[in-house]
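Asks: this is the structure alone, sequence omitted:
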DNA sequence: AATTCGGGGGT
DNA sequence: ACCCCAGAATT
């Protein structure tokens, strides 16, 4: 009979995208991919997955990795604590769980970087256990299907969706059910302009029937973004470029950058930048406006005390460091650009 | 419950 | 510009 579960799993069996971590043996590909996929679209995660999997093809090699190597492979993807937690979890699995992922929800949730979603994803996909996943895609599909008006920013709403799915997730193929729901949300039941014509649920979907797909799911507006203004100070001598490593906690933990001077306003930034172009970089909660100047005396830099360490780096060493995106944009504008584009392999 | 964690892509 | 993304950890 045509139930919610049978409709989407049958749809999935036909429309399943081939992905590098799909239909391969063992839990390790699922484990690795789920860290990469947190708040990250499939298309963006794929090249990172291929690079990391090629370098660390199993849990043992990953557990033995240097953190700096993981971070470098992660460079440009964002949310860098995912990479540190991935390594920590791999070490715990290797040493505390005999190299096997713990096939129980309670134990899985103790691993760093694994929360409700990731635990359910790994246990259902790789271990065939009936835990429903509730990510942004699933939330959207179910809220529309039921025409539920609740705010999806509220934690209660996620709980309500999980309870709904817990009762209908098939015990035979819980992983396919979960993947089907997410894939439907990503490719058909999109946030804007959903392709209801291609949707296996369109006959039963209440938001479709009531023409509510533009207003459901409802999401309350986020808090306004903070604006910040920064000037990067670039110093170069015969030994190389002056770079600094950020603190291990907070924004962009332990990432490298040109020493930064924090400013108070866009006006001040435009004044000090001296005609140099103003760049913009947006984070989840910050809009950053910044530029850079060339300095000739590094003793003018009291802000160096804000960093873990500093180093004079030749061009090759510079490109080997985990430099975050805002300053990669600066490097593109310097005469490093030729060497940089040759070494940068993560974009396309 | 709210805030803090990136960066790319769609509209 | 604004929104979203196979969310987790911290406060």
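Replies: Nice, thanks for sending it over. This structure is a prediction, so every number in the text was calculated from the model and none was measured. Numbers count the residues shown, from 1 in each chain, chains lettered A, B, ... in the order given.
Asks: what residues does chain A have near DNA strand C?
Replies: Counting by CB under 7 Å from any atom of the strand, the positions of chain A adjacent to DNA strand C are A:19, A:22, A:33-34, A:37-42, A:79, A:81, A:85, A:112-119, A:121, A:135-137, A:139-140, A:179, A:182-183, A:185-186, A:191, A:219, A:221-222, A:282, A:284. Heads up, the C-betas are built off the backbone N, CA and C, glycines and all.
Asks: buried subset of these as a PyMOL selection?
Replies: Here is the PyMOL command that picks out the buried ones among those, judged by 16 or more other CB atoms under 10 Å:
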select buried, chain A and resi 19+33+34+37+38+42+85+113+114+116+117+118+119+121+135+137+139+140+179+182+183+185+186
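Asks: considering only the residues of chain A next to DNA strand C, which also neighbour DNA strand B?
Replies: By CB under 7 Å from any atom of the strand, the members of the residues of chain A next to DNA strand C lying near DNA strand B are A:39, A:40, A:41, A:79, A:81, A:282, A:284.
Asks: what's the local residue count around the residue lying closest to the second one once chain neighbours are set aside?
Replies: Okay, so that is residue A:40. What sits nearest to residue A:40 in space, not counting adjacent residues and going by CB to CB, 6 or more residues apart in numbering, is residue A:77, at 6.8 Å. By other CB atoms under 10 Å, the residues close to residue A:77 number 17.
Asks: and residue A:292, that one's in a strand?
Replies: Yes: residue assignment for residue A:292, taken from DSSP: H, G, I helix; E, B strand; the rest coil, places it within a strand.
Asks: list the beta-bridge partners for it.
Replies: With beta bridges defined as DSSP bridges, residue A:292 has these partners: residue A:232.
Asks: what about it, neighbour count?
Replies: 22.
Asks: what values do phi and psi take at the residue nearest to residue A:40?
Replies: phi -90, psi -30 (degrees, to the nearest 10).
Asks: enumerate the residues of chain A near DNA strand B.
Replies: Checking chain A against DNA strand B by CB under 7 Å from any atom of the strand, the hits are A:39-41, A:43-44, A:76-81, A:154-156, A:190, A:192-193, A:223, A:249-253, A:281-285, A:324-326, A:347.
Asks: lowest-confidence helix or strand of chain A?
Replies: Lowest on mean pLDDT, DSSP states H and E among the helices and strands of chain A sits helix A:337-343, with a mean of 46.
Asks: so which residues of chain A form strands?
Replies: Residue ranges of the strands in chain A, as given by DSSP state E, are A:226-234, A:236-237, A:240-245, A:256-257, A:260-263, A:279-282, A:286-294, A:309-313.
Asks: what's the closest of the ones you listed to residue A:105?
Replies: strand A:286-294 (35.0 Å; CB to CB).
Asks: only the buried residues of the closest one, if you could.
Replies: If you call a residue buried by 16+ other CB under 10 Å, then strand A:286-294 has these buried ones: A:288, A:289, A:290, A:291, A:292.
Asks: surely residue A:83 touches residue A:68?
Replies: No: Residue A:83 is beyond contact range of residue A:68, at 10.4 Å (criterion: CB atoms under 8 Å).
Asks: more neighbours: which of the two?
Replies: Of the pair residue A:83 and residue A:68, residue A:83 is the one with more neighbours under other CB under 10 Å, namely 24 against 12.
Asks: what separates that one from DNA strand C, distance-wise?
Replies: Separation of residue A:83 from DNA strand C (CB to the nearest atom of the strand, to the nearest Å) stands at 12 Å.
Asks: and the pLDDT for the nearest residue to that residue once chain neighbours are set aside?
Replies: With CB to CB, 6+ apart as the criterion, residue A:83 has its nearest non-adjacent residue at 4.0 Å, and that residue is residue A:74. Residue A:74 is assigned a pLDDT of 97 by the prediction.
Asks: next, count neighbours for residue A:74.
Replies: The burial count assigned to residue A:74 is 22, neighbours taken as other CB under 10 Å.
Asks: show me what contacts it?
Replies: A:48, A:52, A:80, A:82, A:83, A:322 (CB atoms under 8 Å, 6 or more residues apart in numbering).
Asks: I figured residue A:82 hits residue A:114, correct?
Replies: No: Residue A:82 lies out of contact with residue A:114 (CB under 8 Å); the separation is 10.7 Å.
Asks: what ranges do the helices span in the stretch 51-200 of chain A?
Replies: A:59-63, A:67-74, A:81-96, A:105-108, A:116-127, A:136-146, A:155-166, A:174-187 (DSSP state H, counting those that start in this stretch).
Asks: to residue A:309, which of those helices lies closest?
Replies: The stretch from the helices of the stretch 51-200 of chain A with the least distance to residue A:309 (CB to CB) is helix A:67-74; that distance is 13.1 Å.
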